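Peer 1: Build me a structure from this.
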Amino acid sequence: MRLYSLSVLYKGDPKVHLLKAAYDVSTFNFFQRSSVQEFMTFTSQLIVERSELGSRASVKEQEYLCHVYVRNDGLAGVVIADNEYPQRVCFTLLDKVLDEFSRQVSKIDWPSGSPATISYAALDGYLSKYQVWPPQG
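Peer 2: Reported below is the predicted structural model:
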C-alpha cells in the first residue's frame, strides 16, 4: 500500500491551480519520475476541476486511485494512492491537511498562490507518515 501524491489546490474561477504538493516517486524508474510527477499534478487539477464544491470522490485513473475532497470554500485536496490503500484513511488525511492549511495560510492568498509563494511545509511529513498503512513503529 502506497501514497504517491498529496496536493492542496484552489478551485477558483475560472480555473483550478495548485497551491502546494508533495510527491513520492521513489518507486519509479529514475527516468520516469518527472513525467509521473507531471501526470499526478495534471490529474489532480483535472479531478478538482470536474468536482463540485462540497464533494468527496474516489476516481480510478490508470493503476491509481485518486481521492478528492473539495470544500465549499474552494480549497481542495487530492491524494493519489495505489488501489489497496484504505479510502477512509485518505479522506481522514485530506480533512486534517485542509483544516491545518486553512488555519496556516490566509484565504486571501489562495486565489493567487502557487507552490513557490505558499508557505506550508507539512505535506512531505504527512506523505511519509501515512506512506505505509498501518503506520510502522
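
Peer 1: Tell me how far stretch 47-61 lies from the chain's centre.
Peer 2: 12 Å (Cα atoms, centre = their mean, to the nearest Å).

Peer 1: avg pLDDT for it?
Peer 2: Average pLDDT, stretch 47-61: 96.

Peer 1: Can I get that stretch in PDB, CA atoms only?
Peer 2: In PDB, the C-alpha atoms belonging to stretch 47-61 read as follows (Å, rounded to 0.1, in the frame of the first residue of the first chain):
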ATOM      1  CA  ILE A  47     -10.200  15.900 -10.900                       C
ATOM      2  CA  VAL A  48     -10.700  19.000  -8.800                       C
ATOM      3  CA  GLU A  49     -11.900  20.900 -11.900                       C
ATOM      4  CA  ARG A  50     -14.600  18.200 -12.500                       C
ATOM      5  CA  SER A  51     -15.700  18.000  -8.900                       C
ATOM      6  CA  GLU A  52     -18.400  20.100  -7.300                       C
ATOM      7  CA  LEU A  53     -17.800  22.300  -4.300                       C
ATOM      8  CA  GLY A  54     -18.500  20.400  -1.100                       C
ATOM      9  CA  SER A  55     -17.900  17.000  -2.600                       C
ATOM     10  CA  ARG A  56     -15.700  13.900  -2.000                       C
ATOM     11  CA  ALA A  57     -15.000  11.300  -4.600                       C
ATOM     12  CA  SER A  58     -12.600   8.500  -5.400                       C
ATOM     13  CA  VAL A  59     -11.600   8.200  -9.100                       C
ATOM     14  CA  LYS A  60      -9.700   5.400 -10.700                       C
ATOM     15  CA  GLU A  61      -7.000   6.700 -13.100                       C
END
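
Peer 1: Contacts made by it with the rest, please.
Peer 2: Defining contact as Cβ atoms under 8 Å, 6 or more residues apart in numbering, one finds that stretch 47-61 is touched by 9, 11, 15-16, 43, 65-72, 74, 76, 78, 80, 83, 87, 90-91. No exception for glycine: its C-beta is placed from N, CA and C like everyone else's.
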